[in-house]
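[1] Kindly generate the corresponding structure for this input.
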Amino acid sequence: MFKNKNEFKNNICGKRIAELRYGLSPYVSQRALAEKLQLCGLDLDKNAIQRIESGQRFVTDIELLVFAKIFNVTADELLQIES
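    This next block holds a predicted model:
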């Protein structure tokens, strides 16, 4: 079985997605974010979002684009690595 041993776990954008979700006003829960994603045609549930934010799940390019659309940012902004 593949074991990813890099510092980002299974994605680079999970931490940034969590930051953006917490920054929304009014507050948006993981469940509410899942509902917004589903309205955009992306079938993710609350548990998938939790795994993405914690770095336990890979994020596809299509998912990345939909997250960017939801948060009104570019995909590059989701992939920014702060040193």
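
[2] ok, the nearest residue to residue 58 once chain neighbours are set aside - contacts?
    Counting by CB to CB, 6 or more residues apart in numbering, residue 58 lies nearest to residue 10, which is 4.9 Å off, once chain neighbours are set aside. All C-beta atoms are positioned from the backbone trio N, CA, C, and that covers glycine. Residues near residue 10 by CB atoms under 8 Å, 6 or more residues apart in numbering: 4, 55, 56, 57, 58, 59.

[3] Regarding residue 10, what is its secondary structure?
    Following DSSP: H, G, I helix; E, B strand; the rest coil, we place residue 10 in the coil state.

[4] if I look at it, how far off is residue 37?
    Note on residue 10: its distance to residue 37, by CB to CB, to the nearest Å, is 18 Å.

[5] again, but for residue 78
    14 Å.

[6] shared neighbours, the two?
    Listed as contacting both residue 78 and residue 37 by CB under 8 Å, 6+ apart are residue 67.

[7] just the contacts of residue 10 now: which is nearest residue 31?
    The shortest approach to residue 31 among the contacts of residue 10 belongs to residue 57, at 16.5 Å (CB to CB).

[8] And the pLDDT for the closest one?
    Residue 57 is assigned a predicted lDDT (pLDDT) of 95.

[9] Apart from its chain neighbours, what residue comes closest to it?
    Per CB to CB, 6+ apart, closest to residue 57 is residue 51, 3.7 Å.

[10] now that neighbour: how far from residue 59?
    10 Å.

[11] How many residues are close by the residue nearest to residue 57?
    Using other CB atoms under 10 Å, residue 51 has 18 other residues around it.

[12] Equivalent analysis for the one 3 residues further on, please.
    Neighbouring residues of residue 54 were enumerated by other CB under 10 Å; the total is 14.

[13] begin at 5 from here
    Happy to do that; since the first residue is 5 now, the last one works out to residue 58.

[14] That one and residue 51: what is the separation?
    With distances taken as CB to CB, residue 58 is found 11 Å from residue 51.
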